[in-house]
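> Sequence first, then the predicted structure, then my questions.
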Amino acid sequence: MHIYITLLFLGLMIILLSCELFTNGIEWFGRKLNFGDGVVGSIFSAVGTCLPETLIPIIAIIRSVGGNGNSSIDVGIGAILGAPFMLSTLAFFITGLSVILFYKKRKSGLNIRLNKKIFIRDMNFFIVMYSSGIIVTLTENFTVKMTISIGLILMYIYYVFLTVKYDKISVDRLETLYILKFFDVRVSLPAILLQLSIALSGIISGSYIFVSNIEEVSNLMQISPMILALIITPIATELPEKFNSVIWIRKGKDSLALGNISGAMVFQSCIPVAVGVMFTTWKLNSTAIVSCILSMVSSINVLIWIKVKNRLTPLPFMISGMIYIVFILYLIMGVFH
């Protein structure tokens, strides 16, 4: 048991370190290709920090094809659904809590200043796309499932188009390209691509280690691998989004803090869900369905709040934290029932 848990955390550490390396590299990649700050922050950064939770279900699905059966499928589906749930509950809660903790250092105090139009657009995208992914579980019709999957991918492409065309979100001055700390080279496209290749290799390796050992731990503990994947995977792999948001909130850069989270939510509701619908049976158990419902409740609550109040405060994010606690209590009751 101890060796599996050790390897589990080793896999997570490799994922997180590699993700940090990737995000740094992808931001420089965008800058080198003269993309705007909005694209670099909302698309490249969001997608970069989403890589771990995106690759984990893909690798789990590949393992299932290789003969590892339903446990790998459960890990894959759990990771796909766990990421949006964590972003819409725990990540929102940590963002709101950060506003409260740093309100004396912030010019806007407890008021969250952001581009409301962009944030509302992101939340609308998430709610519609994620709902589509949930509803498709009601059918076994291959044509319907493929149509929904392709539709989700096309909608994300449309979202990227809108971001490139309209969004003007500024980002901080980029940190030094990490690879320059080890090699005496200039910032160049080959150096950036080398760093991205190293990072991607680390993310894939860490994801494989994690998926392999979460199955072993779940078997030994006699707990559904989907439950473990719903909780453990997203908490760890969503750390980059949470950590970035805390820093940006402290600096008063609220649009970046929430844009990073909402952009990741849109990505997670489209691409990983499309992969799950395409390559698995996409049968959700009661735990998965509850996580989906709570994720939607939290997101709709935040959306209604900003539309009705025409401003945003930490309160709706505190409610998101309560929703997360409700889910944890639900899981505990299910395990010990």
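Thanks, I have it.
> can you give me the helices for the protein?
Taking DSSP state H as the test, the helices found in the chain are 2-32, 37-39, 46-63, 69-86, 92-101, 116-135, 142-166, 189-221, 225-237, 239-250, 254-279, 286-309, 315-336.
> mean pLDDT for those: which is lowest?
For those, mean pLDDT drops lowest on helix 225-237, to a mean of 62.
> Give me the nearest residue to Phe317, chain neighbours excluded.
Gly96 (2.7 Å; C-beta to C-beta, 6 or more residues apart in numbering). Every residue, glycine included, has its C-beta placed from N, CA and C.
> Count the residues that sit near the one you found.
For Gly96, the neighbour count with other C-beta atoms under 10 Å is 24.
> picking up where we left off before, just name the most buried of the helices of the chain.
helix 69-86 (a mean of 27; mean count of other C-beta atoms under 10 Å).
> just to revisit the earlier point, which among the helices of the chain is found nearest to Lys107?
Each of the helices of the chain has some distance to Lys107 by C-beta to C-beta; the shortest is helix 254-279, at 10.5 Å.
> now the angle from the closest one to helix 116-135?
For helix 254-279 against helix 116-135, the angle by axes from the mean of the first three to the mean of the last three C-alpha atoms, to 10 degrees is 20 degrees.
> now helix 254-279 against helix 286-309, angle please.
Orientation of helix 254-279 against helix 286-309 (the same axes, to 10 degrees) gives an angle of 150 degrees.
> what's helix 254-279 packed up against?
helix 46-63, helix 69-86, helix 92-101, helix 116-135, helix 142-166, helix 239-250 (3 or more C-beta pairs under 8 Å, 6 or more residues apart in numbering; DSSP states H and E).
> Now the ones you listed in CSV, please, with extra columns for distance to Met322.
As requested, the helices and strands packed on helix 254-279 are arranged in CSV below (distance: least, C-beta to C-beta, whole Å):
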stretch, distance to Met322
helix 46-63, 23
helix 69-86, 14
helix 92-101, 8
helix 116-135, 19
helix 142-166, 29
helix 239-250, 18
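> so which of these gets nearest Asn301?
Closest among the helices and strands packed on helix 254-279, using C-beta to C-beta: helix 92-101, at 9.5 Å.
> looking at the helices and strands packed on helix 254-279, which is closest to Glu175?
With C-beta to C-beta as the criterion, Glu175 lies closest to helix 239-250 of the helices and strands packed on helix 254-279, at 11.6 Å.
> my guess is Gly206 contacts Glu20, does it?
No - here Gly206 lies out of contact with Glu20, judged by C-beta atoms under 8 Å, at a distance of 12.0 Å.
> Out of the helices of the chain, the one nearest Leu177 is which?
Comparing those by C-beta to C-beta, helix 2-32 comes nearest, at 5.2 Å.
> can you give me the angle the closest one makes with helix 46-63?
Using the same axes, to 10 degrees: helix 2-32 against helix 46-63 is 140 degrees.
> what's helix 2-32 packed up against?
Using 3+ C-beta pairs under 8 Å, 6+ apart: helix 2-32 touches helix 46-63, helix 189-221, helix 225-237, helix 239-250.
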